[in-house]
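**Student:** Would you be able to build a 3D model of this:
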Amino acid sequence: MEEFKKPKHLGLITTAILIATFMSAVESTVVSTAMPTIVGDLQGIKLMSWVFTIYMLTQTIATPIFGKLSDVIGRKPTMIAGLLIFLVGSTMSGLSSSMELLIFWRGIQGIGAGGIMPVAFTIIADIYPPERRAAVLGLNSTAWGFASLVGPMIGGYLVQVLSWHWVFFINIPFGIAVIFILLFFFKDSIENQDFKLDVLGIIWMSLLIVAILMTFEFLGQSELIFSGISLVIAIIGLILFIHQENKSVDPLIDLKMFNSSDFTRANLIAGLVAGYIIAYNVYMPTWMQALNGVEPALAGFVVTPSSVVWMLGAYYSGKIIAKYNFKILFNGGLIVGLGYAIFLAVVPGQSPFPLFLISGLIFGLSMGAVVTTTTVVVQQAVPKNQVGMATSFNNLVRALAQTIMTSVYGVLLNISMMGQIAKNKGLKFNELNKLVDPKTAKSLPMSHIQPLRDIMAFGLHNIFWVAAILVLVAIIINNLPNKNLKQN
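**Tutor:** A predicted model of the protein is given here:
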């Protein structure tokens, strides 16, 4: 086994990585809170959704590009470039005088964010050995959960005390601090290499990603014709991208990585599990509000226990994979996750709130172990000069899976509830909109509330049955024959 040399200033560098991760993670929740004020000031309610869509789109496209760059020009310059672009986008977003300008600069900000997360995970792979890496990756992932909790509070405070502009300006001092630490305390282990930028690969990959996202965006809006057209474009983009990467001397994503069954398997599991996680994070707060009548401010805390123990799952996963084959850990975590998904698919809708808080610990421990281990496995399955590429692809798979499944769950929920509404002729579908908010639910006839809750519970249960199927497929994939991952 190759001896791993501990770098200097390890704690300081790790802190910088965590700050950078939190900064990019908290951005979405902070902006969400400030959006009503922004819309009121800039008069752009019709364009409001694009403030989020463009950020997600450019971030997704930029992720594999920055991953590739980190392998050929080094982690430090790539990460600093991502941070600088992010800060420019943040600054100019805060200075925007129209919704159109805000959308443009949010797109720039998203490009920078695409260079933060994957490179942060890659730097962690460089400075920590595999047995400790999982715990640190888990800590880094916990920053996302923490961001979802404090983001709305930070956004609300900034808007109320200062102005909406400061939800963007707040990034500047933290970003500068991270750049300073990386510049003067982080020694890059990757030397600058000569390479030819795979321009056609970037073009076809961008076409593929945009088409995939639009396919499911239109599906969620029941625009089946446009969804079908987008799907055809996505297939064409995939064919062109594969052809380009196979012939490229310096591909954006080296398809030879898929020759490793460990790499392919871990990414498939990561995508499937990401689809399960987004169901939990998006629909559990809705469950608490609609079925239990919990106030919105409290309902969001239903996912808090899972975020808190996520790091513990990652920490112990590092110890397990240091002693045993990673497939054992995957089986354990996925089987527990499957059991919890089935539990959510059958538990009575109006079960007490504390039950979901406590049982969320199971979700956080199991998924924290599985998701973090997929990253460690893909990093170990490729040569060091492809770790950035492999890590960014892992991030890309999870992001696309969550986007796709969000649309699928939305369609499934609507279809499920519409079918049940048709069987209850005294009820109307728009009454479900009022049911979701405890305040507006009070305006509903008392005789309608319980039937509406039963209908909502039916739809939510169906979502978690689909999530359970995703986890079951992940278990099957994990147990297909393959060669064991070689120890580094």
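**Student:** Please name the residues that touch Glu326.
**Tutor:** Actually, residue 326 is Phe rather than Glu. With contact taken as C-beta atoms under 8 Å, 6 or more residues apart in numbering, Phe326 is in contact with 262, 373, 376-377, 485. Yep, even glycine has a C-beta here, placed from its N, CA and C like the rest.
**Student:** Inside helices: which ones of those?
**Tutor:** Among these, the residues falling in helices (DSSP state H) are 262, 373, 376-377.
**Student:** follow-up on the earlier one: want to throw the contacts of Phe326 into JSON lines with distance to Gly82 and pLDDT?
**Tutor:** Conversion of the contacts of Phe326 to JSON lines gives the following (distance: C-beta to C-beta, whole Å; pLDDT from 0 to 100):
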{"residue": "Asp262", "distance to Gly82": "28", "pLDDT": "86"}
{"residue": "Thr373", "distance to Gly82": "25", "pLDDT": "86"}
{"residue": "Val376", "distance to Gly82": "22", "pLDDT": "84"}
{"residue": "Val377", "distance to Gly82": "24", "pLDDT": "87"}
{"residue": "Leu485", "distance to Gly82": "29", "pLDDT": "44"}
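**Student:** Can I get these in JSON lines including neighbour count and distance to Glu431?
**Tutor:** As requested, these are arranged in JSON lines below (neighbours: other C-beta atoms under 10 Å; distance: C-beta to C-beta, whole Å):
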{"residue": "Asp262", "neighbour count": "19", "distance to Glu431": "50"}
{"residue": "Thr373", "neighbour count": "28", "distance to Glu431": "44"}
{"residue": "Val376", "neighbour count": "27", "distance to Glu431": "48"}
{"residue": "Val377", "neighbour count": "26", "distance to Glu431": "47"}
{"residue": "Leu485", "neighbour count": "21", "distance to Glu431": "53"}
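**Student:** between the residues you listed, which is nearest Lys196?
**Tutor:** Asp262 (28.7 Å; C-beta to C-beta).
**Student:** isn't the closest one right next to Ala381, touching?
**Tutor:** Yes - if you go by C-beta atoms under 8 Å, Asp262 and Ala381 touch, sitting 4.3 Å apart.
**Student:** any idea which residue sits dead centre in the protein?
**Tutor:** Ala399 (4.9 Å; C-alpha atoms, centre = their mean).
**Student:** which element is it on?
**Tutor:** helix 387-423 (DSSP states H and E).
**Student:** Which positions in that helix come out as buried?
**Tutor:** For helix 387-423, a neighbour-count test (16 or more other C-beta atoms under 10 Å) marks 387-410, 412-413, 416-417, 420-421 as buried.
**Student:** Where does the prediction get shaky in the stretch 101-250 of the chain?
**Tutor:** Where the stretch 101-250 of the chain drops to pLDDT under 70, the residues are 130-131, 134-135, 138, 140-153, 155-156, 159-160, 190-195, 220-221.
**Student:** now the strands: where do they sit in it?
**Tutor:** Assigned by DSSP state E, counting those that start in this stretch, the strands in the stretch 101-250 of the chain number zero.
**Student:** I'd like the distance between Thr53 and Ile103.
**Tutor:** Between Thr53 and Ile103 the computed distance is 9 Å (C-beta to C-beta, to the nearest Å).
**Student:** quick one, which of those two is more surrounded?
**Tutor:** Neighbours were counted for Thr53 and for Ile103 using other C-beta atoms under 10 Å; Ile103 has more, 21 against 18.
**Student:** if I look at the nearest residue to the more buried one once chain neighbours are set aside, how far off is Met99?
**Tutor:** Nearest residue to Ile103 in three dimensions, chain neighbours excluded: Trp50, at 5.0 Å (C-beta to C-beta, 6 or more residues apart in numbering). Going from Trp50 to Met99 by C-beta to C-beta gives 8 Å.
**Student:** Between these two, which is the more surrounded one?
**Tutor:** More neighbours surround Met99 than the other of Trp50 and Met99, with 20 against 17 (other C-beta under 10 Å).
**Student:** Leu42 is in contact with the more buried one, correct?
**Tutor:** Yes - counting by C-beta under 8 Å, Met99 touches Leu42, with 4.7 Å between them.
**Student:** just the helices in the stretch 51-200 of the chain please.
**Tutor:** Ranges of helices within the stretch 51-200 of the chain are 75-94, 99-114, 117-127, 130-161, 166-169, 171-185, 199-220, based on DSSP state H, counting those that start in this stretch.
**Student:** Please parse this protein into its domains.
**Tutor:** 1-192, 196-249, 257-481 (automatic domain parsing).
**Student:** I'd assumed Val51 was in contact with Val31.
**Tutor:** Yes - Val31 is in contact with Val51 according to C-beta under 8 Å; the separation is 6.9 Å.
**Student:** which neighbours do these two share?
**Tutor:** Joint contacts of Val31 and Val51 (C-beta under 8 Å, 6+ apart) are Ile38.
**Student:** ok, Asp250 - contacts?
**Tutor:** Residues counted as contacts of Asp250 (C-beta under 8 Å, 6+ apart) are 72, 195-198.
**Student:** average pLDDT for stretch 302-320?
**Tutor:** Here stretch 302-320 scores 76 as its mean pLDDT.
**Student:** Flag every buried residue along that stretch.
**Tutor:** Neighbour counts over stretch 302-320 (16+ other C-beta under 10 Å) mark 302-318, 320 as buried.
**Student:** and Asp437, what pLDDT?
**Tutor:** pLDDT, Asp437: 63.
**Student:** Check the burial of His9 by counting its neighbours.
**Tutor:** 15.
**Student:** actually Met56, sorry about that
**Tutor:** Met56: 16 surrounding residues under other C-beta under 10 Å.
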